[in-house]
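Colleague: Give me a model of this one.
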Amino acid sequence: MCDKDTLPQHPTEVADEVAYRTARATVGVVPFAGTFLQELMDVAIGSPLEKRRTDWFRSLAAEVARLREQSESFDPHLLAGKPEFVSAVYEATTIAMKTHHEEKLAALRNAVLNVGLGAGPSELFRGQFMHYLDRFSVSHIMMLRALHSPDSYGTMAEVTMNFQGKREDGNLQRALAATFPELSEAGLLSQVFSQLRDEGLVSINMGNTNVGMRSGLTGLGEAFLEFISGQDFSDA
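Modeller: Here you go, the predicted model:
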């Protein structure tokens, strides 16, 4: 019988660990310097990788525990019996090992939990959305959120209100530049926007004359954003 207070054990190995152990073994055969380099790899590479993996699984388990506290009907022990959930954990873990940005880690956690809860898209779109999470930067995710809720996303909301009724070329570009000044200064604003649009996630053009209060995402963009957004049963 399962202990209700004990969550399923997390996987013990991911691709990055295998690569690290292979590299460590290779270094070990180097004459004279082998032992020193192995110790250096343990301190500078092995330990940080292990900590990142452990932190990721702990944060994922914490989210599962949070959902369990919010809803008594949610049984975390059933997750281990869902092949799609196990696959999502593996895919997300591989991506999580490559980033230190909390915004992206949160999106990955939400994606995994949505799959486990049966709230995710079909398997075809799930693979595509995981691919987006692997490729997209935090800036891509933040821009999607801003375009989804231009009337409530921080600076975007303020600029949107100021532009209401003013039909001038480039209003959207100016609104995005004010919301993401770091991208604008680096000359990456148009590139990030174009990549989202090329993937079919954005329905509007950068040169739009009118900045609306409604979402500028396509149905696919809305579905992806929902996939990486958290579940909350507190009001259920």
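Colleague: and the lengthiest helix in the chain, what does it pack onto?
Modeller: Longest helix in the chain by number of residues (criterion: DSSP state H): helix 47-70. On a contact count with 3 or more Cβ pairs under 8 Å, 6 or more residues apart in numbering; DSSP states H and E, helix 47-70 meets helix 15-27, helix 83-96, helix 102-116. For the C-beta atoms, the positions are set from N, CA and C on the backbone; glycine is no exception.
Colleague: Try it again at 6 Å.
Modeller: When contacts are defined as 3 or more Cβ pairs under 6 Å, 6 or more residues apart in numbering; DSSP states H and E, helix 47-70 packs onto helix 102-116.
Colleague: And the contacts of the helix it packs on?
Modeller: Helix 102-116 has contacts (Cβ atoms under 6 Å, 6 or more residues apart in numbering) with 60, 63, 79, 84-85, 88-89, 92, 95-96, 120, 138, 141, 227-230.
Colleague: what angle separates that helix from helix 47-70?
Modeller: On the basis of axes from the mean of the first three to the mean of the last three Cα atoms, to 10 degrees, helix 102-116 is oriented at 50 degrees to helix 47-70.
Colleague: quick check: angle from helix 102-116 to helix 83-96?
Modeller: Counting by the same axes, to 10 degrees, helix 102-116 lies at 170 degrees to helix 83-96.
Colleague: Name the residues of the very next helix or strand once past helix 102-116 that are buried.
Modeller: Moving toward the C-terminus from helix 102-116, the first helix or strand encountered (DSSP states H and E) is helix 123-135. The neighbour-count check on helix 123-135 (16 or more other Cβ atoms under 10 Å) flags Arg126, Gln128, Phe129, Met130, Tyr132, Leu133 as buried.
Colleague: Dump these into JSON lines; add pLDDT as well.
Modeller: Formatted as JSON lines, these follow (pLDDT from 0 to 100):
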{"residue": "Arg126", "pLDDT": "94"}
{"residue": "Gln128", "pLDDT": "96"}
{"residue": "Phe129", "pLDDT": "97"}
{"residue": "Met130", "pLDDT": "97"}
{"residue": "Tyr132", "pLDDT": "98"}
{"residue": "Leu133", "pLDDT": "98"}
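Colleague: which one of those is nearest Ser190?
Modeller: Closest approach between the buried residues of helix 123-135 and Ser190, by Cβ to Cβ: Tyr132, at 19.1 Å.
Colleague: What is the burial count for the spatially closest residue to that closest one that is not a sequence neighbour?
Modeller: Spatial nearest neighbour of Tyr132, excluding adjacent residues (Cβ to Cβ, 6 or more residues apart in numbering): Phe224 at 6.2 Å. Residues near Phe224, counting by other Cβ atoms under 10 Å, number 27.
Colleague: which SSE is Phe224 in?
Modeller: When elements are assigned from DSSP H and E, Phe224 belongs to helix 219-227.
Colleague: which residues touch that helix?
Modeller: Helix 219-227 is contacted by residues Ala111, Asn114, Gly120, Pro121, Phe129, Leu144, His148, Gly200, Leu201 when judged by Cβ under 6 Å, 6+ apart.
Colleague: For Ser152, give me phi and psi.
Modeller: The phi/psi pair for Ser152 (degrees, to the nearest 10) reads phi -140, psi 10.
Colleague: how near is it to Ser215?
Modeller: 11 Å (Cβ to Cβ, to the nearest Å).
Colleague: Fine, thanks again, bye for now.
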